[in-house]
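# give the three-dimensional model of this entry:
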Amino acid sequence: MIIMLPIRPLIATAMVASATGLLAMPAQATQQAVTPTLVGIRAAHHYGLDRLVFEFRGRVPAQRDVRYVSKLIADGSGQTVNVVGSALLQIRFSQADGHDRRGDITYGPARRTYALPGVIQVVNTGDFEATLTFGTGLAKRAPFRVYTLTQPSRVVVDIATPYRTVPVRDYFLNTANYSTGRKPYTTAVRRPVIAPVTAFGALQRLFAGPTQAEKAQGLRFVASKATGFSKLTVKNGIARVYLTGRVTSGGSTFTIADQIRPTLKQFPSIKWVKIYDAVGRTERPTGPSDSIPQSLEP
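This is a model prediction of the structure:
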């Protein structure tokens, strides 16, 4: 004897299940379909290395590409992104976001400076079509390794620091002092730089600007529209700094020169500092004196 089972309830149940997505998208698949979102960036020095950590909400991005590059290009615009460092490490995550549904950044400042032996700056260079890219400016090219951790989801980049560093001082504008007319207008912070090119290292760190903690204390780097420096020479007690960019004071009595001079004069071998604009001009190119380009006059 063949027993016929009623089929209408089964069809109804299947239709309800399909409508709620239970049959079409299992819970595990739904979770995997959510794009990982970057929620934090951290960096710290450990014995023999600087550790850079990217923390994600959700799973770890499935595709990660970390490599040295000659320059950093912004995703989407194709423009060159300025990052301070003698070596540039590009870190790219595919199928990952760094913003929420409203378009707000989810991981904090897109450009940040660190007072570490190797890592100088970390800068976002793209958050475009689920591709998230960062550039890391390093004091020196060195071996690195990449690995992942879970609970929470993290991508870790360990960058070796197999070199000796010495502490130097960088001088930034103290906004509280400047706004009240209380001198000195600059405050010194400590930075580790690779010996023996300590003057170059100090100037490089100056252009990277203050750390987030130093910014919270009111310290700022006044760039005067300089984008960096192309050369630094030291001879016969005179340091010569060649700036890049359309350098201008903007009418201010405080300029980039007021930070460069004390930063370089901390070294016994430097008595005078001559600063040049991008086309190689300074007001007093010869003789034992400080000098700035005319564009930096108030």
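
# which parts of the protein are helices?
Along the chain, counting by DSSP state H, helices occupy 8-20, 27-33, 175-180, 198-208, 212-216, 257-265.

# tell me the pLDDT of the residue nearest to Pro210 when sequence neighbours are not counted.
With Cβ to Cβ, 6 or more residues apart in numbering as the criterion, Pro210 has its nearest non-adjacent residue at 4.4 Å, and that residue is Leu219. To be clear about C-beta, it is placed using only N, CA and C from the backbone, and glycine gets the same treatment. Per-residue pLDDT puts Leu219 at 98.

# right, and Ile91 touches Val157 too?
Yes - with contact defined as Cβ atoms under 8 Å, Ile91 and Val157 form a contacting pair (6.5 Å).

# so what's in contact with those two at the same time?
Shared contacts of Ile91 and Val157 (Cβ atoms under 8 Å, 6 or more residues apart in numbering): 52, 54, 66, 136.

# so the last one bridges to which residues?
As for beta bridges, Thr136 partners with Leu89, Val122 under DSSP bridges.

# from memory it sits against Ser86, does it?
No - assessed by Cβ under 8 Å, Thr136 is found out of contact with Ser86, at 11.8 Å.

# where does pLDDT dip in the protein?
The model of the chain has pLDDT under 70 over residues 1-33.

# spatially central residue in it, please.
Averaging the C-alpha coordinates of the chain gives a centre point, and the residue nearest to it by Cα atoms, centre = their mean is Val122 (2.2 Å).

# looking at the shared contacts of Ile91 and Val157, spot the one nearest Thr150.
Phe54 (13.3 Å; Cβ to Cβ).

# nearest residue to that closest one in space, please, no chain neighbours.
Excluding the flanking residues, the one nearest Phe54 by Cβ to Cβ, 6+ apart is Val155, at 4.6 Å.

# what distance do you get for that neighbour to Glu129?
Per Cβ to Cβ, to the nearest Å, Val155 is found 19 Å from Glu129.

# higher neighbour count, those two?
Using other Cβ atoms under 10 Å as the criterion, Val155 and Glu129 rank with Val155 on top: 22 against 10.

# surely that one is in contact with Ala62?
No - judged on Cβ under 8 Å, Val155 makes no contact with Ala62 at a distance of 11.0 Å.

# so what pairs up with Tyr68 in the strands?
Leu89.

# next, count neighbours for Gln193.
Gln isn't right for residue 193; it's Val. Using other Cβ under 10 Å, the number of residues around Val193 comes to 22.

# what does Thr233 give?
Neighbour tally, Thr233, other Cβ under 10 Å: 12.

# so it touches Leu264, yeah?
No - at 11.3 Å, Thr233 does not count as touching Leu264 under the criterion of Cβ under 8 Å.

# what do these two both touch?
Common contact partners of Thr233 and Leu264 (Cβ under 8 Å, 6+ apart): Ala239.

# leaving out the residues flanking it, which one is nearest to Pro162?
Ala142 (6.5 Å).

# for the one you found, give its distance to Asp158.
10 Å.

# also Gln212?
As judged by Cβ to Cβ, Gln212 and Asp158 stand 22 Å apart.

# ok, the two, which is more surrounded?
Using other Cβ under 10 Å as the criterion, Gln212 and Asp158 rank with Asp158 on top: 17 against 11.

# contacting residues for Arg173?
Wrong residue type there; residue 173 is Leu, not Arg. Leu173 is in contact with 185-186, 219-222, 254, 258-259, counting by Cβ under 8 Å, 6+ apart.

# before we move on, what about Asp97?
Counted by Cβ under 8 Å, 6+ apart, Asp97 has contacts 35-38, 106, 127, 130, 132.

# circling back to that earlier point, between Thr136 and Ser86, who's got more neighbours?
Thr136 (27 against 15).

# thinking again about what came up before, in strands only, show me the contacts of Asp97.
Members of the contacts of Asp97 lying in strands (criterion: DSSP state E): 37-38, 127, 132.
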